[in-house]
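Participant: I would like to see how this sequence folds:
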Amino acid sequence: MTTPLTYAEANFSRFVDELVDLIKIKSISSIAEHKGDVRKAAEWVLAHLQNLGVQRAQLFETDGHPIVYGEWLGAGDAPTVLVYGHYDVQPALKEDGWKTADPFVPETIDGNLIARGATDDKGQFFIHLKTFEAMMQATGGFPVNIKFLIEGEEEVSSTNLEKFIEGHKDLLKADVAIISDTSMFAPGVPAICYGLRGYTLLQVEVTGPKDDLHSGTYGGSVHNPIQALAELITTMHDTEGHVTLPGFYDDVRILSDNERAVLAEIPYTEDVWRGETGAPQPWGEPEFTIYERTSVRPTLELISIDGGEIKGIKNIVPKSARARISCRLVPYQKPEHVAEVVKRYVEAHIPPTVKIEVKALAAGSPAVLVNRDSEAMQVAIDAYEQVFGKKPLFILGGGSIPVVTDFQERLGLPTILMGFGLPDDNLHAPNEKMALEQIRLGIQTMVTFYSILPERLA
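Facilitator: Numbers count the residues shown, from 1 in each chain. Next comes the predicted model:
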């Protein structure tokens with residue numbers, strides 16, 4: 001007798017081949033030259049949903065990249081689940097340090113599918129597509145009504161998704177939302193993320209002379225914009241890693257002693273951190289653990305800096321220099337307030353020898369907490385326990401997923417972050433990977449979740 005799990009295992013090789021085809025599409029949402037590739041990926045997802053037998057599949061145009069929607073509503077009065085994912089990816093170049101021949105041509109090495117987008121998020125939302133296929137093919141139906149919302153702008157702050165959700169509340173009506181875009185704690189150790197940091201993204205540009213100047217002729221008389229920017233940047237943290245900007249820590253959620261004690265039980269040691277980062281020594285606020293620094297504390301990070309000639313040697317005093325700053329925010333902080341804090345600080349501390357411009361590169365997103373006590377959450381806990389033999393840890397994530405706020409606040413949906421990646425999957429970095437075993441386990445977990453959900457949410 002064919003069951004969803006035996007069907008999935010019998011067809012797993014084909015599943016991987018299909019995922020490889022999707023990953024090969026360079027759906028880089030942040031680079032205009034790849035707009036056609038992003039659309040190609042959207043059309044691939046649309047066609048795949050149609051082939052799986054959904055009752056409706058539609059591509060919605062936005063002011064940016066398309067949103068793919070699909071639904072199967074044949075389960076009658078059973079609960080409705082809204083599954084979110086994103087098909088866009090970060091840029092990747094071979095010279096960044098990839099060990100494969102091409103970042104967009106997946107290779108399987110030691111059981112890991114290595115390619116850009118393998119785990120963020122093509123491999124993870126693919127788990128839900130294949131779960132749907134396996135259950136439909138094995139049983140002729142699906143135990144719940146299901147809706148798929150797969151966007152193409154998550155890596156550029158989901159610019160048009162909020163407007164789409166606001167205008168399609170009836171279409172997206174559901175009982176619970178599921179997102180697989182986070183990680184487990186470790187192999188064999190499942191985890192449910194119950195909080196994510198928010199963010200704001202800004203660019204600081206320092207301008208000096210009207211044009212690049214000969215460094216021999218004018219050097220020593222013009223305040224070099226790169227130097228002025230570097231001098232400014234070094235004042236943004238103290239020697240222990242605290243952010244020095246007045247008002248930066250306004251509204252930061254203070255954890256109770258009990259919550260800090262619970263987080264302290266998570267086995268995230270310095271050795272684990274060293275293995276993941278390769279850095280020689282931890283840095284940051286000494287009064288907080290490494291885990292707390294990466295999850296419950298706000299940060300100010302310089303994510304890029306440039307100026308002058310970067311492709312060769314050109315003896316100049318450059319006319320300008322730019323730094324891009326990403327602030328990760330914790331609950332109760334407002335992105336617009338933190339952006340204003342940065343702007344106010346920069347404008348107050350730039351010397352009169354140069355000019356400054358600060359602009360937002362993204363609207364930003366607040367941090368979120370999800371309800372750990374909903375009935376759907378208990379089903380997720382049980383599903384993980386049945387597959388892995390242990391209850392999942394509740395962990396906090398350092399990254400951001402803007403749509404969680406929209407689901408909770410605009411749609412009123414309990415939202416569950418059921419991730420199947422691993423901490424060393426190299427998201428946004430060279431040699432991003434997805435372990436094939438994690439895809440198998442993900443399918444098993446979601447088959448279990450969807451099977452027991454109807455009786456628990458009846």
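
Participant: Isn't Leu300 up against Met236?
Facilitator: Yes: between Leu300 and Met236 there is a contact at 6.0 Å, judged by C-beta atoms under 8 Å. Any C-beta I mention is one placed from the backbone N, CA and C, and that applies to glycine too.

Participant: Need the residues touching each of the two.
Facilitator: Shared between the contact lists of Leu300 and Met236 (criterion: C-beta atoms under 8 Å, 6 or more residues apart in numbering) are residues 243, 245.

Participant: of the two, who's got more company?
Facilitator: Leu300 (22 against 19; other C-beta atoms under 10 Å).

Participant: secondary structure class for that one?
Facilitator: What DSSP: H, G, I helix; E, B strand; the rest coil gives for Leu300 is strand.

Participant: what about it, distance to Gln203?
Facilitator: For Leu300, the distance to Gln203 equals 14 Å [C-beta to C-beta, to the nearest Å].

Participant: list residues touching both of these two?
Facilitator: If you check Leu300 and Gln203 against C-beta under 8 Å, 6+ apart, the residues they both contact are Ile325.

Participant: in a helix, that's where Arg39 is, yeah?
Facilitator: Yes: counting by three-state DSSP, Arg39 is located in a helix.

Participant: Identify the residue spatially nearest to it, adjacent ones excluded.
Facilitator: Excluding its sequence neighbours, the residue lying closest to Arg39 (C-beta to C-beta, 6 or more residues apart in numbering) is Pro66, at 6.3 Å.

Participant: show me what contacts the one you found?
Facilitator: Per C-beta under 8 Å, 6+ apart, neighbours of Pro66: 38-39, 42, 59-60, 152.

Participant: Please apply the same query to Phe126.
Facilitator: Per C-beta under 8 Å, 6+ apart, neighbours of Phe126: 15, 18-19, 22, 439.

Participant: repeat that for 10 Å
Facilitator: Listed by C-beta atoms under 10 Å, 6 or more residues apart in numbering, the contact set of Phe126 reads 15-16, 18-19, 22-23, 45, 48, 85, 87, 118, 180, 434, 439, 442-443.

Participant: Inside strands: which ones of these?
Facilitator: 85, 434 (DSSP state E).

Participant: Ala435 against Asp110, yeah?
Facilitator: Yes: using C-beta atoms under 10 Å, Ala435 is in contact with Asp110, at 8.9 Å.

Participant: Just want to know which of the two has more residues nearby.
Facilitator: Ala435 (21 against 7).

Participant: ok so, going back, of all pairs in the contacts of Phe126, which one spans the longest distance?
Facilitator: Greatest spacing in those, by C-beta to C-beta: Tyr87 and Ile443 (18.9 Å).

Participant: Output stretch 173-181 as CSV, restricted to C-alpha atoms.
Facilitator: In CSV, the C-alpha atoms belonging to stretch 173-181 read as follows (Å, rounded to 0.1, in the frame of the first residue of the first chain):
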residue,chain,number,x,y,z
LYS,A,173,-8.0,34.0,4.8
ALA,A,174,-6.8,30.9,6.7
ASP,A,175,-6.6,29.4,10.2
VAL,A,176,-2.8,29.2,10.5
ALA,A,177,0.3,30.3,8.5
ILE,A,178,3.4,28.1,8.1
ILE,A,179,6.8,29.5,7.1
SER,A,180,9.9,27.3,6.5
ASP,A,181,12.7,29.9,6.3
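
Participant: the helices in the stretch 151-300 of the chain, which residues?
Facilitator: 161-167, 215-218, 225-233, 257-264, 270-277, 290-293 (DSSP state H, counting those that start in this stretch).

Participant: Adding mean pLDDT, write those helices out as a markdown table.
Facilitator: Shown next, in a markdown table, are the helices of the stretch 151-300 of the chain (pLDDT from 0 to 100):
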| stretch | mean pLDDT |
| --- | --- |
| helix 161-167 | 97 |
| helix 215-218 | 96 |
| helix 225-233 | 97 |
| helix 257-264 | 87 |
| helix 270-277 | 91 |
| helix 290-293 | 94 |
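
Participant: So for Leu245, which of the ones you listed sits nearest?
Facilitator: helix 225-233 (11.4 Å).

Participant: Give the buried residues for that closest one.
Facilitator: For helix 225-233, a neighbour-count test (16 or more other C-beta atoms under 10 Å) marks 225-226, 228-230, 232-233 as buried.

Participant: any idea how the protein splits into domains?
Facilitator: Listed by automatic domain parsing, the domain ranges of the chain are 4-196+367-456, 198-252+298-360.

Participant: now do the same end-to-end measure for the last one.
Facilitator: It stands for domain 198-252+298-360. 15 Å (C-alpha to C-alpha, to the nearest Å).

Participant: Could you do the longest one as well?
Facilitator: The separation between the terminal residues of domain 4-196+367-456, taken as C-alpha to C-alpha, is 20 Å.
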